[in-house]
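Colleague: Let's see this in three dimensions:
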Amino acid sequence: QTFMNRWDIPTAGGSLNSAQWDVNPQFKVQVTGAGPQVVFVKVEIKGDAKAAVGLHLFQGGARCHQRNSQGLMIKPQLPAEAKYTHSFAWREYVVGAGSYTLVASTFQPGQTGEYCMTIRAKNPIFASMIPYAP
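Modeller: Here you go, the predicted structure:
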């Protein structure tokens, strides 16, 4: 699945270290099929925007509000130093069937711009945006 979206001032919360992190765009990802499988996620900034971007996957499929009480449950299979990269990020997660929350963020709060996010897996997956409600 592919999503075109954007970070605006109200939805550009910044990295996990930011107090506004929970306003970032979040997506519920439902993984189907038996056994572990690889889910590939890519986010790419479109247009003239320049920012470092990152992806984070949590178990549960609900909107993440408190980043400190909900630790990252899924570890990306990339070195830690690749967590935020300029204009483009990709991750491969090995997961089982279930619901997950995917968060796309810029490193600095308030960085705006359009992005395209692609989510793929061998078995069918279903993804939808989780609305923000303060």
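
Colleague: in which helix or strand would I find Val38?
Modeller: strand 37-45 (DSSP states H and E).

Colleague: can you give me how far whichever helix or strand comes after that strand is from the chain middle?
Modeller: Next helix or strand after strand 37-45 toward the C-terminus (DSSP H and E): strand 52-59. Centroid separation between strand 52-59 and its chain, computed with Cα atoms, centre = their mean, to the nearest Å, is 4 Å.

Colleague: same deal with stretch 25-41?
Modeller: Using Cα atoms, centre = their mean, the offset of stretch 25-41 from its chain centre is 12 Å.

Colleague: So which residues make contact with the lowest-mean-pLDDT helix or strand in the chain?
Modeller: The weakest-scoring helix or strand in the chain, judged by mean pLDDT, DSSP states H and E, is strand 85-86 (a mean of 82). For strand 85-86, the external contacting residues (Cβ atoms under 8 Å, 6 or more residues apart in numbering) are Lys50, Ala51, Ala52, Val53, Gly54. In short, each C-beta sits where N, CA and C put it, glycine included.

Colleague: what bridges to the residue nearest to the spatial centre of the chain?
Modeller: The chain has Val103 as the residue nearest its centroid, 2.8 Å off, counting by Cα atoms, centre = their mean. Residues in a beta bridge with Val103, per DSSP bridges, are Gln26, His56.

Colleague: thought it was touching Ala62?
Modeller: No. Val103 lies out of contact with Ala62 (Cβ atoms under 8 Å); the separation is 11.9 Å.

Colleague: remind me which residues of the chain are low pLDDT?
Modeller: Counting by pLDDT under 70, the chain has low-confidence residues at 66-82, 134.
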